[in-house]
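J.: Sequence plus the predicted model coming up.
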Amino acid sequence: MTVEKVMVVGAGQMGSGIAQVCAQAGYKVLLNDLKLEFVERGLRVINKNLTRNVDKGRLTEEQKQAVLNNLTPSIDLQDASEVDLVIEAAVENMEIKAKIFAQLDEIAPEHTILASNTSSLPITEIAAVTKRPEKVIGMHFMNPVPVMKLVEIIRGLATADEVYQVIEDMTKTLNKVPVEVNDFPGFVANRVLMPMINEAIYTLYEGVATKEAIDEVMKLGMNHPMGPLTLADFIGLDTCLYIMETLHDGFGDDKYRPCPLLRKYVKAGWLGKKTGRGFYVYE
Ligand code: CAA
């Protein structure tokens, strides 16, 4: 089982980053989304990132062109009939993911591995909608994908050892570090990160300190690159809430209860950097 052609489903922040690192590693990549304008937006972000690398002397113009040549837009899931690996990075919604995986299972060749970049939804449940649960796996990239070294590789209940190995090896070719994790709510990254962010929001909610003070404590005191409230804005407050709800539902433990202030911000449409306002205001 070798991977040469990859399809990335979803050309948003995560999908475009995944497509970029795959194309940079020499894979032929189909970047798929529902509409061409979404794919084109993803390609523009990739172009901008590559141009910055050229400007900084880390990439030649020829190398940039070679990466761009590895990328092909797609607005039809039928294109999965040509690929060895699909990495799904669509919205975090079980119904939507189930629909996509059921379709991909029908379309993709028998050998094709179906991976999900889900940040907390159960891989085992996604796999169960397919007739190839042994070839379904989680590949959880971190944001911003081109910068962050980690990929959590999540084994579903039925994921075959051989499939795990192919994905671990492929991840290394992306110049990323794979870490093996079992399928439980939030895996490791978000099970540890999100309660910390949620607690930071409770700290603000209870008036313990200002948002700036909370972020400063965690940045300077714990050497985190961003304070937790800045990071929450960066990830998206809707995503943070969704992950907290997944942890709360999955474990049924009150310690994962989303902070009411987080719910309020999401209801207000203050979703963080992407909407121009979250805990902070962005120009
Ligand atoms: N795309 C591509 N490159 C980016 C980028 C992006 N969106 N954002 C920053 N970069 C690059 C910059 O170009 C810069 O590269 P060079 O040094 O090579 O020029 C480098 O990253 C550093 O950027 P900056 O100097 O502008 O800023 P910084 O030093 O503060 O770093 C950061 C930015 C890498 C985002 C850093 O603040 C950081 O590591 N933050 C924490 C990120 C984090 O925790 N991510 C995980 C989120 S959780 C998650 O993803 C899981 C989930 O399921 C929710």
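T.: Nice, I can see it.

J.: what's the spacing between Phe161 and Phe187?
T.: To be clear, residue 161 is Asp; Phe isn't right here. 19 Å (Cβ to Cβ, to the nearest Å). No exception for glycine: its C-beta is placed from N, CA and C like everyone else's.

J.: need the residues of the protein near the ligand, please.
T.: 49, 52, 56, 119, 142-144, 146-148, 189-190, 193, 225-226, 231, 235, 239 (Cβ under 6 Å from any ligand atom).

J.: tell me the SS of Leu43?
T.: helix (DSSP: H, G, I helix; E, B strand; the rest coil).

J.: And for it, the neighbour number?
T.: 19 (other Cβ atoms under 10 Å).

J.: surely it meets Gly15?
T.: No. With contact defined as Cβ atoms under 8 Å, Leu43 does not count as touching Gly15 (11.0 Å).

J.: Overlap of the contact sets of the two?
T.: Common contact partners of Leu43 and Gly15 (Cβ atoms under 8 Å, 6 or more residues apart in numbering): Leu31.

J.: Compare Asp161 and Phe187 (neighbour count), which wins?
T.: Phe187 (23 against 9).

J.: Please, where are all the helices along the chain?
T.: Ranges of helices in the chain, per DSSP state H, are 13-24, 36-55, 61-69, 94-107, 123-127, 161-173, 189-205, 211-222, 228-235, 237-251, 260-268.

J.: Next, format those helices as CSV and append distance to Asp76.
T.: CSV is the format used below for the helices of the chain (distance: least, Cβ to Cβ, whole Å):
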stretch, distance to Asp76
helix 13-24, 16
helix 36-55, 11
helix 61-69, 21
helix 94-107, 9
helix 123-127, 21
helix 161-173, 24
helix 189-205, 32
helix 211-222, 44
helix 228-235, 30
helix 237-251, 27
helix 260-268, 33
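
J.: Of those helices, which is nearest Glu152?
T.: When the helices of the chain are compared by Cβ to Cβ, helix 189-205 sits nearest Glu152, at 5.5 Å.

J.: what angle sits between the closest one and helix 237-251?
T.: 110 degrees (axes from the mean of the first three to the mean of the last three Cα atoms, to 10 degrees).

J.: which parts of helix 189-205 are buried?
T.: Residues 189-191, 193-195, 197-198, 200-204 are the ones in helix 189-205 that count as buried (16 or more other Cβ atoms under 10 Å).

J.: ditto for stretch 44-59
T.: Quick answer for stretch 44-59 (16+ other Cβ under 10 Å): 45-46, 49-50, 53, 59.

J.: residues in contact with that stretch?
T.: Taking Cβ under 8 Å, 6+ apart as the rule, stretch 44-59 contacts 13, 16, 19-20, 23, 60-61, 64, 67-68, 71, 146.
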